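Student: The following comprises the amino acid sequence and a computationally predicted model.
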Protein chains: 2
Amino acid sequence: MVTIKDVAKHAGVALSTASYALSGSDKVSPKTRELVLQAAKELNYQKNGFAMDLKRKSTKTILLILSDLSGPYYSELIRGTQEVTLSNGFDLIACSSVGGADSTAYKFLQERRVDGAIVLDPNISEHLLRESAREGCPIVVMDRYVEGDFIMNVAADNVQGGYEATRYLMEQGHRDIAWIGGPSNSLGSQHRKEGYLKALQEEGIVNTKWMLVGNFTEEGGYHSTKVLLMQEERPTAIFYGNDEMAIGGYKALREFGLSVPEDVSIVGFDDIQVAEYLSPPLTTVRQPKYEMGTMAAHLVFQAMGGEYVNKSYKLKIELIERLSCQPPRLAPNRGKGMET
Amino acid sequence: MVTIKDVAKHAGVALSTASYALSGSDKVSPKTRELVLQAAKELNYQKNGFAMDLKRKSTKTILLILSDLSGPYYSELIRGTQEVTLSNGFDLIACSSVGGADSTAYKFLQERRVDGAIVLDPNISEHLLRESAREGCPIVVMDRYVEGDFIMNVAADNVQGGYEATRYLMEQGHRDIAWIGGPSNSLGSQHRKEGYLKALQEEGIVNTKWMLVGNFTEEGGYHSTKVLLMQEERPTAIFYGNDEMAIGGYKALREFGLSVPEDVSIVGFDDIQVAEYLSPPLTTVRQPKYEMGTMAAHLVFQAMGGEYVNKSYKLKIELIERLSCQPPRLAPNRGKGMET
DNA sequence: GAAATTTATCGAAACGTTTCGATTTGTTTT
DNA sequence: AAAACAAATCGAAACGTTTCGATAAATTTC
């Protein structure tokens, strides 16, 4: 384990001089710098980053915590955070909360190993967040709302998204619109449902029989849809809490001999990559993931710089119209009926 | 910035005692432990992980380097490495090489910030790998071949994959099979092509007019396919170096009014998530990504433990038959013809 | 060419931990 | 109740850097 001390000795200079030379300070003369660099190369010296961080009291890295480090959902978001982080001269590392309290996420957060964090992960407790956020380590939490010093929030306007999706279906003439939501601990899912209900209410529709929960997985969407279809009355449209569940829905519908969109119209949420390749291509609500990513990263840096920033940001979403919706086959003969 | 020193003072014990208490050593009596823990809580003490790593001379984390930290390709692989890493009591962090020599990957590798690394990223130079790999930081490189001390290689058997895919097409009667490969710096792509050529050769087919390169993106696949289709003679099947290019191919074919698989059969490579949802679902070659991930992680730990391990591993691939292939419309009337 | 100034190098302290060996305290044995 | 031992606590060194203030060497100024 060759240290800077060895390099200094080998080059015949003081340890401090070696340090200056290696870090490119102009306090050192060109020829000794050369000497030191040469020695370092000969000994295959590698600096110890921790020792440096310890002395410097900053790590120049920010941490991105995701629930599973994979999943189709994250790509764009990661890209956004990465670009901003890099252009600020910082490093970005990602980790997951798999492993609970022993997880990498906990370790890095608790042990001051980073200068800031962006968290998109419902598994990280509010307690940990509040405990870890501090001057010198601001935290941005996505898709949920956590209050605390040095904690900021960024989310898509899920209420709006839910509202617009439902509105869209209603404008096509649908009145019997089912909702298959995500897990109840997902604030995003709750908000989407809120928007959904709001849209229904505006038209005086009170819908209680077609509201189910899934778990944001394809599997969950599949099962919930089956449950839905086994009821005697069937909706003419289904709004899913996310795209993966909608994929499961496609499968269940096919098994029941129903086709999309002729028999049932479908709207998803997220606009994951697969969405446009499904058949039919899925109409869905796009979250501005890239923008959320850049926004989050910017907030971290602003907070780090001591700038005053708002605590909470909501980004607009956008409905992506594809081919999974059409007016219902028979205009339903109840309620207010069609009037488009 | 409250340190262990403050905690010790506040609890009225020596610094060393506080350290023992906090790290749960049994050298300390229950009541002083309680005292220290209490003090730590009151002061909101957070340990400094670097100082610890510095002293302990190990970080207990391993690094996963990916070319872009996103992309549909990685999910399964990450899951594999994560599971193994976690069950060994280590942490896994991921980063990308975006940023070149200033990238996070470089920093972490060069500055001894991890105890091991898994690299799936053509941008990391062999030089850096050899320089960084050492006792105390073995490196597993995926999908390419790098020789060096403490460096191991894991890859799918791309030659076999290319061979089997081509063979499969030939067994259906295809003789005019095009190849649209990845970038020339991808060893994987080269091997796939090798397998492709081998299969053709076995049947005495010498094919030069239908070999193109793309860049592993949808866009690249689209353009290369267009170039291919503008030639006067058209193949009856196309084998793509990866699935994303095949997706681009679908699009180009549609524009030319050709349908899959009636007019042209298609085989991809990788089996990314979208593959099965395309229409028609894409026949492709599945890489055992999860297994590659676990294998890589295991190797890291074995090498860390000083166990002797082979330098290089190849994992078997598997052809996934879906609906994008069928026998050519007219059996080609040249060469050896069909004889299945 | 001596004094003043700049430039280059050095020594030592500090960062926040862990851990070894020494000391003190408490308990058991005779 | 003194001696022997175990348990608990302490002090200090070490990990590998950076950086401050001090010294030595080189350069300029009068």
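Tutor: Right, received. Where do you want to start?
Student: Please make it C-alpha for all contacts and neighbour counts, starting now.
Tutor: Will do.
Student: Point out the residues in the stretch 1-150 of chain A that sit beside DNA strand C.
Tutor: A:12-17, A:26-33, A:51, A:54-55, A:57 (CA under 7 Å from any atom of the strand).
Student: At which residues are the strands of the stretch 101-250 of chain A located?
Tutor: Secondary structure of the stretch 101-250 of chain A, counting by DSSP state E, counting those that start in this stretch: strands at A:116-120, A:139-142, A:151-156, A:177-181, A:211-213, A:237-240.
Student: what sits up against the first one?
Tutor: Right, the one you point to is strand A:116-120. A:61-67, A:109, A:136-143, A:296-297, A:300, A:304 (CA atoms under 8 Å, 6 or more residues apart in numbering or on different chains).
Student: middle-most residue in chain A, spatially?
Tutor: Most central in chain A under CA atoms, centre = their mean is A:L120, positioned 4.8 Å from the mean C-alpha point.
Student: Relative to B:I177, how far out is that residue?
Tutor: Counting by CA to CA, to the nearest Å, the gap between A:L120 and B:I177 amounts to 45 Å.
Student: got it, and A:L229?
Tutor: 45 Å.
Student: ok, A:V114 to B:G80 distance?
Tutor: According to CA to CA, A:V114 and B:G80 sit 25 Å apart.
Student: between those two, who's got more neighbours?
Tutor: A:V114 (22 against 19; other CA atoms under 10 Å in any protein chain shown).
Student: what residues are up against the more buried one?
Tutor: A:S58, A:T59, A:K60, A:T61, A:I62, A:L63, A:F108, A:C137.
Student: Could you check the pLDDT of the closest residue to the fourth one other than its chain neighbours?
Tutor: It stands for A:T61. Closest residue in space to A:T61, ignoring its immediate chain neighbours: A:D91 at 4.3 Å, by CA to CA, 6 or more residues apart in numbering or on different chains. pLDDT recorded at A:D91 is 96.
Student: and A:D91, how many neighbours?
Tutor: A:D91: 26 neighbours (other CA under 10 Å).
Student: Extract the residue ranges of the stretch 151-300 of chain A that are flagged as low pLDDT.
Tutor: Within the stretch 151-300 of chain A, not a single segment meets pLDDT under 70.
Student: still on that earlier bit, with neighbour numbers in mind, choose between A:L229 and B:I177.
Tutor: A count of neighbours by other CA under 10 Å puts B:I177 above the other of A:L229 and B:I177, at 24 against 17.
Student: who's that one bridged to?
Tutor: Here B:I177 sits in beta bridges with B:A237, going by DSSP bridges.
Student: where along the stretch 201-340 of chain A do the helices fall?
Tutor: When secondary structure is read from DSSP state H, counting those that start in this stretch, the stretch 201-340 of chain A shows helices at A:218-229, A:243-255, A:289-304.
Student: so which of those helices gets nearest DNA strand D?
Tutor: Go through the helices of the stretch 201-340 of chain A one by one with CA to the nearest atom of the strand and the one that ends up closest to DNA strand D is helix A:289-304, at 18.1 Å.
Student: Helix or strand: which one has A:I62?
Tutor: In the assignment (DSSP states H and E), A:I62 maps to strand A:61-66.
Student: Compute the inter-axis angle for that strand and strand A:116-120.
Tutor: Angle, strand A:61-66 to strand A:116-120, by axes from the mean of the first three to the mean of the last three CA atoms, to 10 degrees: 10 degrees.
Student: how is chain A carved up into domains?
Tutor: A:4-47, A:58-156+A:289-315, A:158-287 (automatic domain parsing).
Student: May I see the strands of the stretch 101-250 of chain A organised as CSV, with distance to B:L86 added?
Tutor: As requested, the strands of the stretch 101-250 of chain A are arranged in CSV below (distance: least, CA to CA, whole Å):
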stretch, distance to B:L86
strand A:116-120, 20
strand A:139-142, 24
strand A:151-156, 28
strand A:177-181, 31
strand A:211-213, 31
strand A:237-240, 34
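Student: List just the one of the ones you listed that sits closest to DNA strand D.
Tutor: Ranking the strands of the stretch 101-250 of chain A by distance to DNA strand D, with CA to the nearest atom of the strand as the measure, places strand A:116-120 first at 19.7 Å.
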